[in-house]
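Participant: no FASTA, just this:
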């Protein structure tokens, strides 16, 4: 059984309190933005957040997770072994019109690089039409062995798509498009993944949920939802995890490996975590 430091549990209730400002990195956020309700759409790479019961580790902002094996961005999704074909990200965004104002794109491991620019344009146009204020695009881990069904996606494809995404952002065409550089953040953390390098396992689901929580807090200019280490105060405002790098000891912050009422295996799952209530382990 993992024991969580009392200072960590206390942080869930005092995320807005003053922290150790000397520990923060240089910040891009200059003022507190209103919190955004976010929709995070992933393929099977992040299904482990549900499988391992890490959904409550995504804290600090209202959100819905929509996770599905074999999902693609715009093109028809691939078929799972059970015959199920999930709705592509584009259609999910269109179906959920008017519900969210931040879109987190964590999909792409089943797509090629031939139509990446067109996919970005289509998704951004739809996000604007649906009045999303912000699109946070998660980069794809590329030092991997994973090859998607039909050989559409593999290491070089993921690397190409990451580079193209940076080029698109650099043009300034989509000022609301923000990169969340998960590929670099998680590059050297092989222990977070299955052997293919993309599917989360062990500490990985908690790391992914924690990363998104910190990235959103940084973008909003808020306090980090949890501290960096057990027994310390959360940083105010939260630094960019793309700058600070991975949290050093996740088991100090989360009940990794403990009996978990929110875990469970699904090929497709959609739902919310506990926020704004505390996570299950702090109740």
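Facilitator: Structure's in. What do you need? Here the structure is a predicted model, which is why all the values come from computation and not from measurement.
Participant: which SS class is residue 39?
Facilitator: For residue 39, the assignment made with DSSP: H, G, I helix; E, B strand; the rest coil gives strand.
Participant: Show me the helices in the chain, by range?
Facilitator: In the chain, the helices defined using DSSP state H lie at 6-11, 48-51, 89-95, 116-129, 155-170, 182-185, 204-220, 241-244.
Participant: pretty sure residue 196 is touching residue 144, no?
Facilitator: Yes - assessed by Cβ atoms under 8 Å, residue 196 is found in contact with residue 144 at 6.2 Å. All C-beta atoms are positioned from the backbone trio N, CA, C, and that covers glycine.
Participant: Which one's more surrounded, these two?
Facilitator: More neighbours surround residue 144 than the other of residue 196 and residue 144, with 23 against 13 (other Cβ atoms under 10 Å).
Participant: Apart from its chain neighbours, what residue comes closest to the more buried one?
Facilitator: residue 197 (2.9 Å; Cβ to Cβ, 6 or more residues apart in numbering).
Participant: what's the burial count for the one you found?
Facilitator: Neighbours of residue 197 (other Cβ under 10 Å): 20.
Participant: Now for it: which residues touch it?
Facilitator: 141, 143-146, 190 (Cβ atoms under 8 Å, 6 or more residues apart in numbering).
Participant: let's go with 10 Å and repeat that
Facilitator: For residue 197, the contacting residues are 45, 109, 141-146, 155, 158, 186-187, 190, by Cβ atoms under 10 Å, 6 or more residues apart in numbering.
Participant: quick one: the strands in the chain?
Facilitator: Secondary structure of the chain (DSSP state E): strands at 38-42, 63-68, 102-106, 134-138, 177-180, 268-271.
Participant: still on that earlier bit, mutual contacts of residue 196 and residue 144, please.
Facilitator: Common contacts of residue 196 and residue 144 (Cβ under 10 Å, 6+ apart): 45, 109.
Participant: sorry, back to before: how much space between the residue nearest to residue 144 and residue 241?
Facilitator: For residue 197, the distance to residue 241 equals 20 Å [Cβ to Cβ, to the nearest Å].
Participant: is it true that residue 253 touches residue 246?
Facilitator: No - counting by Cβ atoms under 10 Å, residue 253 stays clear of residue 246, with 11.9 Å between them.
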